[in-house]
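Asker: Just to be clear, the model below is a prediction. Sequence and coordinates:
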Amino acid sequence: MVAIVDYGVGNLFSLLSSLAVLGVEAELTSDAARLSAADRIILPGVGAFADAAQKLRTSGLAETVCELAGKGKPLLGICLGMQLLFERSYEYGEHPGLGLLQGSVKPLSDLVGAARKVPHMGWNSLEFRKNSALFRNIQDGDQVYFVHSYYAADCDESVSAVAEYGAKFTAAVERENVFGCQFHPEKSGKTGLAVLRAFCEVQP
Amino acid sequence: MLSKRIIPCLDVRNGRVVKGIKFQGLSDVADPAELAAYYSDCGADELVFYDITASAEGRRLFADVLRKTASHVFIPLTVGGGIHTLDDFDFALKCGADKVSVNSGAIRDPSLIGQAARRYGNQCVVLSVDVKRVNGAFRVFAKGGREDAGLNAISWISRCVADGAGEVVVNSIDTDGVRQGFDLEMLQAVCSAVSVPVVASGGAGCTEDFVKLFQAVPGVDAGLAASVFHFGTVRLTELKAEMKKAGIPARI
């Protein structure tokens, strides 16, 4: 069973539909016991970093997720959910993240320059940097759907794929059992479903 | 590199696709869910659903159709038509929309875009605007393009983007239905004024029109059309191949 962390942010319709079409049993939950019972955990997220990080902390979910990830349970952060895995974000101030991965989240406009539109919205190609378990069913160069205004920086050790938008930025990360996608696999057609399927095949 | 997006638009009335569509391999061409899945498989980068039903009964059918479509189509889905309040945004998002497009609703209540952007984020608020030249100036038209809203189009679009619209769909009334190509001059004017993604709509008649659009107005992010896709005049796979040949980044 895949547990999707329910902390009151974002639209989870597509993620639940994607897992359903893959035949994966999924449960939206904020219950520590259910998260603990799951084979793997997905941390979704849309919206502002500070708000999401605070919701995770005050609900106690931050602690639960970190503890389970520390014990080796596969964890996938999607979009803001990926950004939350890092140590801190500079989105409207400085805010602490879960600290499961080394690195900081910074404004995309600082990286790509004023000539590029932000948010970076649309389909872009993945350039693999690691032989990630998430990519076992897709090819280098396959396109996925992004919508974001911030990016993960200073995270060389965990970057598994980058994409190009005026500059190369972090598109996916992996360190042991902790995974993250800046893109939305649940909105990225067959390629995205293949990424989700690969995550669901990662063994704890 | 970010691909230029190609977006088929489906007009839905009482839960059925309105325009007559001729496709082989589709058992029910008027079923929005089946057609959406077909477009998605052929390489559409995104889909737009316009609900052109006014009645409450139509709304309910639309909700069913939207849920069914959204649960089988794994590319971004924008919903528009009859979006006048935050409750309408909520309704569309709960039925599986990723973005909600607002047109007359924003003209009627100019605070709607700001409210929606604060609640759901800029990325899911799309401004759709019908624009027509009047004495050489770009003017906003309301009520499906029938009524001059009394607004300068460039100022209106700039204001809505400042309020939080994360994307703008520009429908040129002057080129819509003529099939002589997109309104390059109008699109250039909009792209020069805003720094969010701009979607071109109105005027596509053939594959070459999309290639010309992206070559002539590099600031445009996407091309939207309905009938050329529905009637098979433009095939998505061929269009993507032509774009690639012309050096335009496309998702194949």
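Answerer: Looks like it came in fine.

Asker: packing partners for whichever helix or strand B:Ile7 is part of?
Answerer: Assigned by DSSP states H and E, B:Ile7 falls within strand B:5-13. In terms of contacts (3 or more CB pairs under 8 Å, 6 or more residues apart in numbering or on different chains; DSSP states H and E), strand B:5-13 is packed against helix B:32-42, strand B:47-51, helix B:56-70, strand B:198-201, strand B:222-225, helix B:236-245. C-beta coordinates here come from the backbone N, C-alpha and C atoms, glycine included.

Asker: Comparing those, which stretch has the densest surroundings?
Answerer: strand B:198-201 (a mean of 26; mean count of other CB atoms under 10 Å in any protein chain shown).

Asker: Please identify the buried residues of the helix or strand just after that strand?
Answerer: Toward the C-terminus, strand B:198-201 is succeeded by helix B:207-216 as the next helix or strand (DSSP H and E). Buried residues in helix B:207-216, counted by 16 or more other CB atoms under 10 Å in any protein chain shown: B:207, B:209-211, B:213-214.

Asker: Point out the other helices and strands that helix B:207-216 packs with.
Answerer: Applying 3+ CB pairs under 8 Å, 6+ apart, one finds that helix B:207-216 contacts helix B:184-193, strand B:222-225, helix B:236-245.

Asker: Just the mean pLDDT for the last one, thanks.
Answerer: Right, helix B:236-245. Mean pLDDT, computed over helix B:236-245, is 97.

Asker: what's the angle from that helix to helix B:207-216?
Answerer: Using axes from the mean of the first three to the mean of the last three CA atoms, to 10 degrees, one finds that helix B:236-245 and helix B:207-216 are set 40 degrees apart in direction.

Asker: re earlier: for A:Glu67, find the nearest of the helices and strands packed on helix B:207-216.
Answerer: Closest of those to A:Glu67 is strand B:222-225, at 43.3 Å (criterion: CB to CB).

Asker: Rounded mean pLDDT for the closest one, please.
Answerer: Averaged across strand B:222-225, the pLDDT comes to 97.

Asker: send the alpha carbons of that strand over as CSV?
Answerer: Extracted in CSV, the C-alpha atoms of strand B:222-225 (Å, rounded to 0.1, in the frame of the first residue of the first chain):
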residue,chain,number,x,y,z
ALA,B,222,1.2,27.3,-26.7
GLY,B,223,-1.3,27.1,-29.6
LEU,B,224,-4.9,26.2,-28.9
ALA,B,225,-7.5,25.1,-31.5
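
Asker: what's the distance between that strand and the middle of its chain?
Answerer: Remark: strand B:222-225 is offset 7 Å from the chain centroid, using CA atoms, centre = their mean, to the nearest Å.

Asker: Could you please name the strands it pairs with and the direction of each pair?
Answerer: strand B:5-13 (parallel), strand B:198-201 (parallel) (DSSP bridges).

Asker: Would you single out the least confident of those strands?
Answerer: If the strands paired with strand B:222-225 are sorted by mean pLDDT, strand B:5-13 sits at the bottom with a mean of 92.

Asker: Wait, A:Gln143 touches A:Ala161, no?
Answerer: No - A:Gln143 is beyond contact range of A:Ala161, at 11.8 Å (criterion: CB atoms under 8 Å).

Asker: between these two, what contacts are shared?
Answerer: Shared contacts of A:Gln143 and A:Ala161, defined by CB atoms under 8 Å, 6 or more residues apart in numbering or on different chains, are found at A:Leu126.

Asker: near chain A, which residues of chain B?
Answerer: Within chain B, the residues that sit near chain A (CB under 8 Å from any CB of the partner chain) are B:1-3, B:5, B:40, B:45, B:70-72, B:74-76, B:93-96, B:98, B:121-124, B:166-167, B:195-197, B:221-222, B:251.

Asker: Quick one: residues contacting B:Cys9.
Answerer: By CB under 8 Å, 6+ apart, the residues touching B:Cys9 are B:47-50, B:201, B:224-226.

Asker: Same question for A:Phe49.
Answerer: A:Phe49 neighbours (CB under 8 Å, 6+ apart): A:80, A:83-84, A:89, A:91-92, A:95, A:97, A:105, A:150.

Asker: Please determine how far it is located from B:Ser172.
Answerer: From A:Phe49 across to B:Ser172, the span is 38 Å (CB to CB, to the nearest Å).

Asker: which residue ranges form the helices in chain A?
Answerer: Along chain A, the stretches classed as helices by DSSP state H are A:13-21, A:32-37, A:49-58, A:61-70, A:80-83, A:108-112, A:189-201.

Asker: can you redo those as TSV with mean pLDDT?
Answerer: Listed next are those as TSV, based on pLDDT from 0 to 100:
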stretch	mean pLDDT
helix A:13-21	94
helix A:32-37	97
helix A:49-58	93
helix A:61-70	97
helix A:80-83	96
helix A:108-112	94
helix A:189-201	97
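
Asker: of all those, which lies closest to B:Gly114?
Answerer: The minimum distance between B:Gly114 and the helices of chain A falls on helix A:49-58, with 17.9 Å, by CB to CB.

Asker: Tell me which residues of that closest one come out buried.
Answerer: In terms of neighbour count (16+ other CB under 10 Å), helix A:49-58 has its buried residues at A:49, A:51-53, A:55-56.

Asker: any low-confidence regions in the chain?
Answerer: By default, I'm working from chain A. Counting by pLDDT under 70, the ranges of chain A that qualify are A:9-10.

Asker: The intended chain is chain B.
Answerer: Using pLDDT under 70, the flagged stretches of chain B are B:19-29, B:54-56.

Asker: So A:Gly180 sits against A:Ala172, correct?
Answerer: Yes - with contact defined as CB under 8 Å, A:Gly180 reaches A:Ala172; the gap is 6.5 Å.

Asker: between these two, what contacts are shared?
Answerer: Counting by CB under 8 Å, 6+ apart, the shared contacts of A:Gly180 and A:Ala172 are A:Met82.

Asker: Any idea how many residues pack against A:Val118?
Answerer: By the criterion of other CB atoms under 10 Å in any protein chain shown, A:Val118 has 19 neighbours.

Asker: For it, list the residues it contacts.
Answerer: Contact partners of A:Val118, counting by CB under 8 Å, 6+ apart, are A:107-109, A:112, A:149, B:195.

Asker: what about A:Glu127, distance to B:Asn135?
Answerer: 50 Å.
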